[in-house]
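> sequence-free structure coming up:
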Ligand code: 13P
């Protein structure tokens, strides 16, 4: 597969942490901390995204727009529906209206705690694309899956199921997050992440063509810290990270985002 330059993405999934006031302080501090790195490394660095809770989005939007911050943001989920009698749901149109760039789809916590199915996630994926949001599709195997099926089978099956009805050349991101690595302190090894990322990319090539596969960013997520990010960023098929716990600590998250992608170094 051709080696193309994909802009790395370092994304912080805040999960259900930080209210709107804490969000403002966190994004301000993040911008401030990243400025030095951007000054040192120039525009070649990673794109930095945060995924705050829904109730923070308006505050984050206003801050980023007013101060022209070089940080993008997205929702942690979206409804498969457009509007109507769906109490508690948030539509893609609403997220787009708040200038979200991205939206997470199928995080393992949504799959497990909210019973989201691959079929439902396929509809959410279409809805995100329809509203001009970039879906960040999360896939990953449990420890049991890993033992029974090996590392790639479940993530690839989840990817296939979500892309089943997709045509054309959608702009999307895949986050490979082994469930056993999330919040456990036990990250996958860079080699494990690379092996699954390469298989996911080959699957995108098979389903949507080489060009889309070359353009699609694949992130690793699961216990990423400043002390292990370098190993992941060195992998040719890993284009960044989806960071949970460590994204709540601005200094730590900025250290992760500082790591430059130097393939082969
Ligand atoms: P941790 O970085 O806390 O392991 O969480 C990963 C994650 O779930 C990001 O979406």
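Done, it's in. Remember, predicted model here, so these are calculated numbers, not experimental data.

> going forward, measure contacts and count neighbours with C-alpha atoms only.
Will do.

> near the ligand, which residues of the chain show up?
Residues of the chain found near the ligand, taking CA under 6 Å from any ligand atom as the criterion, are 13, 181-183, 221-224, 242-246.

> Going by neighbour count, which of those residues comes out on top?
Of the residues of the chain next to the ligand, residue 221 is surrounded by the most neighbours, 29 neighbours in total, counting by other CA atoms under 10 Å.

> who are the neighbours in contact with that residue?
175, 176, 177, 178, 181, 182, 241, 242, 243, 244 (CA atoms under 8 Å, 6 or more residues apart in numbering).

> Mind checking which of the residues of the chain next to the ligand land in strands?
13, 221, 242, 243 (DSSP state E).

> distance of the second one from residue 112?
So that's residue 221. 17 Å (CA to CA, to the nearest Å).

> need the helix or strand of the protein with the lowest average pLDDT.
Lowest by mean pLDDT, DSSP states H and E among the helices and strands of the chain is helix 20-41, with a mean of 86.

> Remind me what it packs against, helices and strands.
On a contact count with 3 or more CA pairs under 8 Å, 6 or more residues apart in numbering; DSSP states H and E, helix 20-41 meets helix 57-67, helix 250-258.

> is it possible to export these to TSV including mean neighbour count and mean pLDDT?
Shown next, in TSV, are the helices and strands packed on helix 20-41 (neighbours: other CA atoms under 10 Å; pLDDT from 0 to 100):
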stretch	mean neighbour count	mean pLDDT
helix 57-67	17	97
helix 250-258	21	94
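
> Out of the ones you listed, the one nearest residue 29 is which?
helix 250-258 (6.9 Å; CA to CA).

> Contacts for that closest one next, please.
10, 12, 26, 29-30, 33-34, 37, 45-46, 48, 225-226, 229, 246-247.

> for stretch 75-94, same thing?
13, 15, 51-54, 57, 95, 100, 102-106, 120-121, 123-124, 127-128, 131, 133.

> The residues you listed, buried ones only, as a PyMOL selection?
If you want just the buried ones from these in PyMOL, going by 16 or more other CA atoms under 10 Å, the selection is:
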select buried, resi 13+51+52+53+54+57+95+100+102+103+104+105+106+120+121+123+124+127+128+131+133
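
> Of the contacts of stretch 75-94, which belong to strands?
Short answer: the contacts of stretch 75-94 in strands (DSSP E) are 13, 51, 102, 103, 104, 105.

> from those, which single one is nearest the ligand?
residue 13 (5.1 Å; CA to the nearest ligand atom).

> Isn't that closest one up against residue 241?
No - using CA atoms under 8 Å, residue 13 is not in contact with residue 241; the gap is 10.2 Å.
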